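Engineer: the sequence isn't on hand, but the structure is:
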């Protein structure tokens, strides 16, 4: 049973467009929701993260929107660039156990 | 400073061989995690150490998998009698604090790609 469900599996966006990736979860014991970016041959790198007491967090071109009642959160990449082409993973942490569950990933391709 | 390093980066093993994968976390990091990442999938939790204590090993797929972190720094993931289904990228991550101390950034290594023939 997948704890964090991510969609879409792949995404193609034109340069300058907005990329949107969605995740949903069921376990209300999750307390921290990071997004990771992964390039081929590299480990995931933290992009941005949010706690459930905040509805939105913005860092540069990256924004997380969090809907606690719907148990959903999403990553928005504004003004998408070809250099953003990578695989993105959402994740959720089970607080007391410091255990992270990852989504299945979204492969983003930003076309020039 | 140096990030998380893993060695070897690539490992090819014949079915039935034992392998040992090494992780050097960022110096001083309390928490260390091992993940298994199948092709085209997200990382799957294997085990978690807080200093030298293995607090959670619920993700280890079988008793062929064993992990240790004897001095609270370097960690080794050992897989005995490897099977083809063990083929994956094994990721190590470390973070500065321990469980229950608030949200914390995980820093990932580049992974070890294990191929079992």
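Structural biologist: Yep, that arrived. Just so it is clear, the model here is predicted, and its values are computed rather than measured.
Engineer: now the worst-scoring helix or strand of chain A on mean pLDDT: how far from the chain's centre is it?
Structural biologist: Within chain A, confidence by mean pLDDT, DSSP states H and E is lowest for strand A:99-102 among all helices and strands, at a mean of 92. Distance of strand A:99-102 from the chain centroid (C-alpha atoms, centre = their mean, to the nearest Å) equals 13 Å.
Engineer: for that strand, list every residue counted as buried.
Structural biologist: Residues of strand A:99-102 classed as buried: A:99-102 (neighbour count, 16 or more other C-beta atoms under 10 Å in any protein chain shown). Bear in mind the C-beta positions are built from the backbone N, C-alpha and C, glycine included.
Engineer: ditto for stretch A:59-79
Structural biologist: Buried-residue list, stretch A:59-79, by 16+ other C-beta under 10 Å: A:62-66, A:71, A:73-77.
Engineer: straight-line length of that stretch, end to end?
Structural biologist: One end of stretch A:59-79 to the other measures 13 Å (C-alpha to C-alpha, to the nearest Å).
Engineer: do that stretch and chain B come into contact?
Structural biologist: No: Stretch A:59-79 lies out of reach of chain B by C-beta under 8 Å from any C-beta of the partner chain, never closer than 13.0 Å.
Engineer: returning to what we had before: quickly run through the sheet partners of the least confident helix or strand of chain A, with directions.
Structural biologist: Strand pairing for strand A:99-102, determined by DSSP bridges: strand A:86-94 (antiparallel).
Engineer: got a list of contacts for the partner strand?
Structural biologist: Residues outside strand A:86-94 that contact it (C-beta atoms under 8 Å, 6 or more residues apart in numbering or on different chains) are A:3-4, A:6, A:21, A:23, A:25, A:27, A:29-39, A:44, A:47, A:73, A:75, A:99-103, A:105-108, B:42-43, B:103.
Engineer: now it: buried residues?
Structural biologist: Residues of strand A:86-94 classed as buried by neighbour count (16+ other C-beta under 10 Å): A:86-94.
Engineer: do stretch B:53-70 as well
Structural biologist: B:54-56, B:59-60, B:65-67, B:69.
Engineer: any idea which helix or strand comes after the least confident helix or strand of chain A?
Structural biologist: strand A:106-111 (DSSP states H and E).
Engineer: show the average pLDDT along that following strand.
Structural biologist: For strand A:106-111, mean pLDDT is 98.
Engineer: against chain A, how distant is residue B:108?
Structural biologist: 3 Å (C-beta to the nearest C-beta, to the nearest Å).
Engineer: that residue reaches residue A:39, doesn't it?
Structural biologist: No: counting by C-beta atoms under 8 Å, residue B:108 stays clear of residue A:39, with 11.6 Å between them.
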